[in-house]
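Chemist: Okay, here's the prediction I keep looking at, along with the sequence it came from:
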Amino acid sequence: MHDSLTSDFDSGQLVEALADLAEAASAVILPYWRAGAEVITKADDSPVTLADREAEALILKRLAELYPAVSAVAEEACEADGRPGEAADCFWLIDPLDGTKGFVRGGESFSVNIALVDQGRVVAGVVSAPATGLTWVGDASGARRRRFGEAWQPIRVRDRPDAALALLSHSLKDDEADKLAARYGCGSWTGMDSSLKFCLIAEGRFDVYPRTGPTSEWDTAAGQAVLEAAGGRVMDMDGGPLAYGKPDFMNGPFVAMGG
């Protein structure tokens with residue numbers, strides 16, 4: 001295998017494999033949902049559960065079997081062993097359970113995220129929502145959605161309506177959220193956890209997701225792959241595409257947009 005998966009594998013087969021894997025990880029997570037899962041507080045004060053760790057173990061094991069030459073940067077492994085000093089040319093970004101706070105609360109907005117980065121750009125990704133049984137994928141051939149194990153349906157961003165709708169992080173206070181939504185021309189907004197925000201813009205239900213606070217690259221890569229494949233954009237504050245393999249695998253502010 002060369003450094004770039006994109007030259008060695010059919011991207012359709014790749015995202016099919018990733019979708020199956022994300023849905024298998026979802027099956028690991030679901031028994032812990034609304035079952036009083038024990039919550040451990042990490043060094044950065046964010047929560048982790050056995051669901052996160054078991055799902056990540058499954059994903060890493062399967063990816064190592066399928067694509068042994070490609071390294072992985074995964075959230076819980078980075079918490080345990082530290083973040084890599086530098087990024088490989090081609091690598092996986094994995095968040096086995098994005099939106100753990102909502103998961104612990106019993107909400108539905110949590111997701112499994114697997115993305116492939118090649119030369120600093122995200123080129124393929126999958127987001128699965130265990131609670132609702134939905135999976136989204138994005139690659140060079142476009143974006144699509146399915147119920148677990150069913151047929152794919154293509155998705156596309158919508159043209160920006162006059163009354164544009166924003167999706168924002170639940171961590172924002174209402175007055176902060178109002179100002180941020182207005183800055184991007186949105187008169188109303190909805191708060192939501194996890195990378196599902198990218199997917200809802202990709203399928204044309206919302207229009208903008210601005211983020212001012214820091215995130216890790218594994219929080220955004222898979223959702224960005226889906227949104228860009230659906231015709232949307234994820235831009236940094238310089239107006240360029242949000243890139244990957246940055247120092248400590250951290251993002252600055254960005255905005256995700258539909259049509």
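Modeler: Structure received.
Chemist: can we go C-alpha only for contacts and neighbour counts from here?
Modeler: Fine.
Chemist: For my notes, confirm residue 219 occurs in a helix.
Modeler: Yes: counting by DSSP: H, G, I helix; E, B strand; the rest coil, residue 219 is located in a helix.
Chemist: Pull the contacting residues for it.
Modeler: Contacts for residue 219 (CA atoms under 8 Å, 6 or more residues apart in numbering) come out as 95, 98, 113, 194-195.
Chemist: Let me know the distance separating it from residue 250.
Modeler: With the distance defined as CA to CA, to the nearest Å, residue 219 ends up 9 Å from residue 250.
Chemist: Tell me where the stretch 1-150 of the chain has strands.
Modeler: Ranges of strands in the stretch 1-150 of the chain, per DSSP state E, counting those that start in this stretch, are 39-41, 47-49, 71-74, 90-98, 111-118, 121-129, 134-139, 142-147.
Chemist: Now render the ones you listed as JSON lines, adding distance to residue 257, mean neighbour count and mean pLDDT.
Modeler: Formatted as JSON lines, those follow (distance: least, CA to CA, whole Å; neighbours: other CA atoms under 10 Å; pLDDT from 0 to 100):
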{"stretch": "strand 39-41", "distance to residue 257": "33", "mean neighbour count": "12", "mean pLDDT": "71"}
{"stretch": "strand 47-49", "distance to residue 257": "29", "mean neighbour count": "18", "mean pLDDT": "70"}
{"stretch": "strand 71-74", "distance to residue 257": "26", "mean neighbour count": "21", "mean pLDDT": "96"}
{"stretch": "strand 90-98", "distance to residue 257": "20", "mean neighbour count": "27", "mean pLDDT": "97"}
{"stretch": "strand 111-118", "distance to residue 257": "19", "mean neighbour count": "29", "mean pLDDT": "97"}
{"stretch": "strand 121-129", "distance to residue 257": "16", "mean neighbour count": "29", "mean pLDDT": "97"}
{"stretch": "strand 134-139", "distance to residue 257": "16", "mean neighbour count": "27", "mean pLDDT": "98"}
{"stretch": "strand 142-147", "distance to residue 257": "15", "mean neighbour count": "21", "mean pLDDT": "98"}
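Chemist: out of the ones you listed, nearest to residue 58?
Modeler: Closest of these to residue 58 is strand 90-98, at 9.3 Å (criterion: CA to CA).
Chemist: Check the offset of the closest one from the chain's centre.
Modeler: 8 Å (CA atoms, centre = their mean, to the nearest Å).
Chemist: OK, contacts around the residue in the chain sticking out farthest from the centre?
Modeler: Within the chain, residue 162 marks the point farthest from the mean C-alpha position, 27.7 Å out by CA atoms, centre = their mean. Neighbour list for residue 162: empty [criterion: CA under 8 Å, 6+ apart].
Chemist: follow-up on the earlier one: pipe the strands of the stretch 1-150 of the chain into JSON lines and attach distance to residue 155 per row.
Modeler: JSON lines is the format used below for those (distance: least, CA to CA, whole Å):
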{"stretch": "strand 39-41", "distance to residue 155": "35"}
{"stretch": "strand 47-49", "distance to residue 155": "32"}
{"stretch": "strand 71-74", "distance to residue 155": "28"}
{"stretch": "strand 90-98", "distance to residue 155": "22"}
{"stretch": "strand 111-118", "distance to residue 155": "18"}
{"stretch": "strand 121-129", "distance to residue 155": "14"}
{"stretch": "strand 134-139", "distance to residue 155": "9"}
{"stretch": "strand 142-147", "distance to residue 155": "5"}
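Chemist: Of these, which is nearest residue 182?
Modeler: Closest approach to residue 182 among these (CA to CA): strand 90-98, 26.7 Å.
Chemist: relative to strand 121-129, how tilted is the closest one?
Modeler: Put simply, strand 90-98 runs at 20 degrees to strand 121-129, going by axes from the mean of the first three to the mean of the last three CA atoms, to 10 degrees.
Chemist: Just name whatever secondary elements strand 90-98 is in contact with.
Modeler: Packing partners of strand 90-98 (3 or more CA pairs under 8 Å, 6 or more residues apart in numbering; DSSP states H and E): helix 50-66, strand 71-74, helix 75-81, strand 111-118, helix 217-229.
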